Structures are given as C-alpha cells and as structure tokens.
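A.B. asks: For reference, the sequence and a predicted model appear below.
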Amino acid sequence: MSDALHRDAVRTLQDWKSADPGQDRLRLDYLDHLAARPDGMMRACLPAHITASAVVVDPAAGRVLLTLHPKVGRWLQMGGHCEPGDGTLADAALREAVEESGIAGLALLTGVDGQPVPVKLDRHQVRCAGKELPENTHLDVQYVAVAPPGAQELISEESLDLRWFGYDELPELTDGSVRTLVGLARALV
C-alpha cells in the first residue's frame with residue numbers, strides 16, 4: 001500500500017468535519033489509528049484497518065442501489081478494502097462501487113472545492129469464519145456515488161443480489177448504519 005494513500009487518508013480525515021459529536025470522535029479515532037499504524041490502510045493490519053465504501057444513488061428516480069452481502073446476509077452499500085492501485089480513499093470507494101454495481105459513469109459527491117468528500121464514518125466488527133484472518137474491525141469511510149439517469153446494474157460474484165430500492169422502501173435486512181447513510185445521501189442529492 002502506498003504512502004500516498006496513507007497521506008491522503010490522513011488529509012481527508014483532517015479536513016472532514018461533522019456536526020455530530022459521535023462522528024467527530026470516530027474521525028479522531030481513525031486519525032489516531034493512522035498515526036500509530038503506517039500499515040493502517042492494509043487489510044492485513046490487525047486488529048483494525050481503514051476501508052472505503054459508497055452508497056450508489058439515482059436521484060432522478062429517487063432510488064438507491066444495495067448489495068446483499070454473502071457473508072453478512074444484509075443489504076449494504078458497495079465497498080471494501082483499499083488496494084495498492086488506489087491513489088486516494090475516494091478512488092478506493094469509487095472503484096468498489098463500480099466493481100460491485102457494474103455501473104460505469106458513477107461520480108462521487110464533491111465538496112465546495114470540487115473534491116470528493118466523505119459523508120459518514122462507520123466502525124464495525126467483521127468475523128472471518130473459515131478464513132486465515134481473525135475477527136477484525138473495519139474503519140469505514142463512506143461516500144455517495146451518483147449514478148447516471150437510467151443506470152443498469154450488473155451483479156458481480158461479490159454479491160448474492162443487487163437491487164434498487166426507493167429511499168423510503170429499504171428492505172428489512174438493512175441495518176441502522178445503512179439507513180442513516182441513505183438518509184444522508186438523499187438529503188445531499
């Protein structure tokens with residue numbers, strides 16, 4: 001994993017601010033993690049590492065695309081681990097969104113400076129049953145990816161199902177974190 005990606009993650013988290021005290025506390029925890037762990041972006045960094053995700057929305061149709069995750073058994077946003085070719089956290093989130101949705105032409109929401117900006121942070125435990133890696137924690141940096149009008153999804157091998165849902169029609173197997181992320185995305189687009 002490149003030093004440039006680590007520096008970008010630090011810069012992104014230093015610049016990102018939230019009015020929510022819980023989100024700001026997470027941001028500071030993520031920065032502490034990166035300060036202590038030069039390998040903090042890598043999947044092999046245990047017990048925790050930074051991940052990147054994006055909820056895909058189609059504002060024109062008032063819908064959100066979610067994936068039924070095979071290991072978790074819940075409907076989630078697209079996302080995952082950073083890879084060596086990712087130059088920035090935003091690049092990782094966009095790559096994951098394109099790979100898992102099959103939609104070309106996704107664009108991350110940007111801030112006033114025109115740069116992609118996260119909308120939420122989420123820390124969650126991951127259990128790796130049957131894998132060589134022990135239980136670990138994902139320090140997820142979450143973005144919003146806007147789909148072109150009429151976008152057609154294409155399911156990948158990383159998903160049991162891939163489906164569009166109305167903002168107010170999220171499936172039962174969606175947790176509170178995803179519901180909050182969808183609400184933020186809806187308000188921003």
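C.D. replies: In hand now; what should we look at? Keep in mind that this is a model prediction, so the values were computed, not measured.

A.B. asks: Please report phi then psi for the residue nearest to residue 106 when sequence neighbours are not counted.
C.D. replies: Closest residue to residue 106 apart from its sequence neighbours, by C-beta to C-beta, 6 or more residues apart in numbering: residue 145 at 4.3 Å. Backbone N, C-alpha and C define where each C-beta goes, glycine included. Main-chain dihedrals, residue 145, degrees, to the nearest 10: phi -110, psi 130.

A.B. asks: again, but for residue 179
C.D. replies: Here residue 179 shows phi and psi, under degrees, to the nearest 10, equal to phi -60, psi -40.

A.B. asks: Contacts only, for it.
C.D. replies: Contacts for residue 179 were tallied using C-beta atoms under 8 Å, 6 or more residues apart in numbering; they are residue 170.

A.B. asks: what's the pLDDT at it?
C.D. replies: Here, the pLDDT recorded for residue 179 equals 97.

A.B. asks: try the one 10 residues further on
C.D. replies: For residue 189, the pLDDT comes out at 93.

A.B. asks: How many neighbouring residues does residue 82 have?
C.D. replies: 27 (other C-beta atoms under 10 Å).

A.B. asks: Correct me if wrong: it contacts residue 6.
C.D. replies: No: in this structure, residue 82 is not within contact of residue 6 by C-beta atoms under 8 Å, at 9.5 Å.

A.B. asks: Find the residues that touch each one of the two.
C.D. replies: Counting by C-beta under 8 Å, 6+ apart, the residues touching both residue 82 and residue 6 are residue 41.

A.B. asks: The helix or strand bottoming out on mean pLDDT in the chain packs against which elements?
C.D. replies: Ranked by mean pLDDT, DSSP states H and E, the weakest helix or strand in the chain is strand 120-126, scoring a mean of 93. Judged by 3 or more C-beta pairs under 8 Å, 6 or more residues apart in numbering; DSSP states H and E, the packing partners of strand 120-126 are helix 21-36, strand 136-146, helix 176-188.
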